[in-house]
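**Q** Make a model of this:
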Amino acid sequence: MPREDRVASMRDRVRARAEKRKSEGGGTVHLPDGVESYEFEKGKNRINILPYEVKTDHHPEAKKGELWYERTFFVHFNVGPDERAMVCPRTIGKACPICEEHTRLRKDPDADEDVVKGLRAKERQLFNVEDADHPKDGVKVLEISYHNFGKQLEKEVRDGDESNASFADLEEGKTLLVRMGTATMGKTKFLQAERIDFEDRDKIPESVLDDVVDLDACLTIPSYEELQKAMLGMEDEEKGRGTRGEGKDDDRRSSRRERDEDEDPDKDKDDDRRGGRRERDEDEDGRRDRRGRGDEDPDDKDKRKGRDREDDPDPEPERRGRRPARDEEPTSRRGSRKDEEKEPDADEPEERTGRRRRYQED
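**A** Okay, here's the model as predicted:
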């Protein structure tokens, strides 16, 4: 193939890959053709959140046919050898093998805390949004960690004016003025909402409902079996060798970044407290195990010896020696008088020794 053709072919493939990944929303969310992702910028952002009609029976907050403003879902990061990000089936109320393993390890006192934390599903959200400063750009989809936007939005709704709760209503809704600041988790820096104000806005025609995205349909939710295979690295083996490492480095870096952004600092504090309690329980269990094996804690052993001496007024017979028979005179008594006659004490005074000799001669 001529060099010009090779260059053109690679250029077209690179562009196609970039466009494809832009619409995929990080591998867990797949957007319809022509729909772009919305990204917050540091500082002030003015957006209108638009509702969409729920068309599934698996939505956690709304019934089929109702309007709702967001779609919450859960993601497992670093799944299997390829460290993939995959939507948790609990998003639609189904069983998840990773969550089951997370629950099992949480009850295991010997489990590694980092492993347990890594298995926990992270909460994320999808929104249909319109850039209030550039409405002609059309409807875009915002995918973001709950802790970086939705949590602050709910706080402002709770603490603010009652009318703010209708921010997504087409007729009486509000424009959100979102101030984004920089937050840090480990070595990862990301944007996080610091403050949200609500501004009055004009009515939005109902025709916009034809343009918004069905957020439920954007989620790629694997089955229980698919997650199990991904955990064990069996998925690539079925597809054939040679495809395993292709394009994975970028996915891993993106997965780690999103995982750090999704961490809940309050949740981590609770885990640390549980870890402290777990360590104390492990120490107590260890002492009980040593007692069961006869391998006592040195401090407990010394304390027990002291109690034994106090509580046992009559030592065991074998400590006193053999008990003499009823008619037998103790050996110590028979030999003591002869020993006195045989040899005087070397330390006994001479005067006393002399009197004893005269007594024996008489």
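**Q** Only C-alpha atoms from now on, for both contacts and neighbour counts.
**A** Fine.
**Q** For the stretch 1-150 of the chain, which segments are assigned as strands?
**A** Counting by DSSP state E, counting those that start in this stretch, one finds strands in the stretch 1-150 of the chain at the ranges 43-50, 52-53, 67-68, 71-79, 84-87, 122-131, 139-145.
**Q** and Ala165, what does it touch?
**A** Shown in contact with Ala165 (C-alpha atoms under 8 Å, 6 or more residues apart in numbering): Val157.
**Q** Adjust the sequence numbering to begin at 38 for everything that follows.
**A** Renumbered: residue one is now 38, and that last one reads Ala202.
**Q** measure it to Val194 for me?
**A** 6 Å (C-alpha to C-alpha, to the nearest Å).
**Q** any residues in contact with both of the two?
**A** In contact with both Ala202 and Val194: no residue, using C-alpha under 8 Å, 6+ apart.
**Q** okay, and for the protein, where does confidence drop off?
**A** For the chain, the stretches flagged by pLDDT under 70 are 40, 43-45, 52, 54-64, 272-399.
**Q** To Asp49, which of the strands of the stretch 38-187 of the chain lies closest?
**A** With C-alpha to C-alpha as the measure, strand 176-182 is the member of the strands of the stretch 38-187 of the chain nearest Asp49 (25.2 Å).
**Q** Need the residues that contact that closest one.
**A** Under C-alpha under 8 Å, 6+ apart, the answer for strand 176-182 is 62, 72-76, 159-168, 248-250, 298-299.
**Q** Quick one, which of those residues are buried?
**A** By neighbour count, with 16 or more other C-alpha atoms under 10 Å, the contacts of strand 176-182 hold 62, 72-75, 159-168, 249-250, 298-299 as buried.
**Q** per the record, what domains does the protein have?
**A** Domain ranges of the chain: 61-275, 315-344, per automatic domain parsing.
**Q** Val51: which of those domains is closest?
**A** Taking C-alpha to C-alpha, domain 61-275 is the member of those nearest to Val51, at 15.3 Å.
**Q** Relative to Cys125, how far out is Pro172?
**A** 34 Å.
**Q** more crowded one of the two?
**A** Cys125 (30 against 12; other C-alpha atoms under 10 Å).
**Q** and that one, what does it touch?
**A** Neighbouring residues of Cys125 by C-alpha under 8 Å, 6+ apart: Phe110, Phe111, Val112, His113, Cys133, Ala158, Ile258, Pro259.
**Q** So Asp206, which state does it fall into?
**A** The three-state label given to Asp206 by DSSP: H, G, I helix; E, B strand; the rest coil is coil.
**Q** Which parts of the stretch 138-287 of the chain are helices?
**A** Counting by DSSP state H, counting those that start in this stretch, the stretch 138-287 of the chain has helices at residues 150-156, 187-196, 261-269, 271-276, 285-299.
**Q** now for the third one, which elements pack on it?
**A** When contacts are defined as 3 or more C-alpha pairs under 8 Å, 6 or more residues apart in numbering; DSSP states H and E, helix 261-269 sits against helix 134-143.
**Q** What residues of the helix it packs on count as buried?
**A** Buried, per 16+ other C-alpha under 10 Å, within helix 134-143: Pro134, Ile135, Cys136, His139, Leu142, Arg143.
**Q** Just give me the closest of those residues to Val91.
**A** Cys136 (26.3 Å).
**Q** Is that closest one in contact with Ala158, as I believe?
**A** Yes. Under the criterion of C-alpha atoms under 8 Å, Cys136 makes contact with Ala158 at 7.3 Å.
**Q** and for the two, which residues touch both?
**A** By C-alpha under 8 Å, 6+ apart, no residue touches both Cys136 and Ala158.
**Q** what sits opposite Arg121 in the beta ladder?
**A** Val116 (DSSP bridges).
**Q** Mean neighbour count, the domains of the chain: which tops it?
**A** Ranked by mean neighbour count, the domains of the chain are led by domain 61-275 with a mean of 17 (mean count of other C-alpha atoms under 10 Å).
**Q** returning to what we had before: dump the domains of the chain to TSV, plus distance to Arg50.
**A** Shown next, in TSV, are the domains of the chain (distance: least, C-alpha to C-alpha, whole Å):
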stretch	distance to Arg50
domain 61-275	16
domain 315-344	52
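**Q** pretty sure His96 contacts Glu107?
**A** No. The criterion here is C-alpha under 8 Å, and His96 misses it with Glu107 at 10.2 Å.
**Q** if I look at Ser182, how far off is Leu156?
**A** 17 Å.
**Q** and Cys136, what does it touch?
**A** With C-alpha under 8 Å, 6+ apart, Cys136 has these contacts: Leu156, Arg157, Ala158.
**Q** at 10 Å instead, please
**A** If you count contacts by C-alpha atoms under 10 Å, 6 or more residues apart in numbering, Cys136 has them with His113, Cys125, Pro126, Arg127, Leu142, Leu156, Arg157, Ala158.
**Q** Asp206 contacts Val245, doesn't it?
**A** No. Asp206 sits out of contact with Val245 when judged by C-alpha atoms under 10 Å, with a separation of 11.9 Å.
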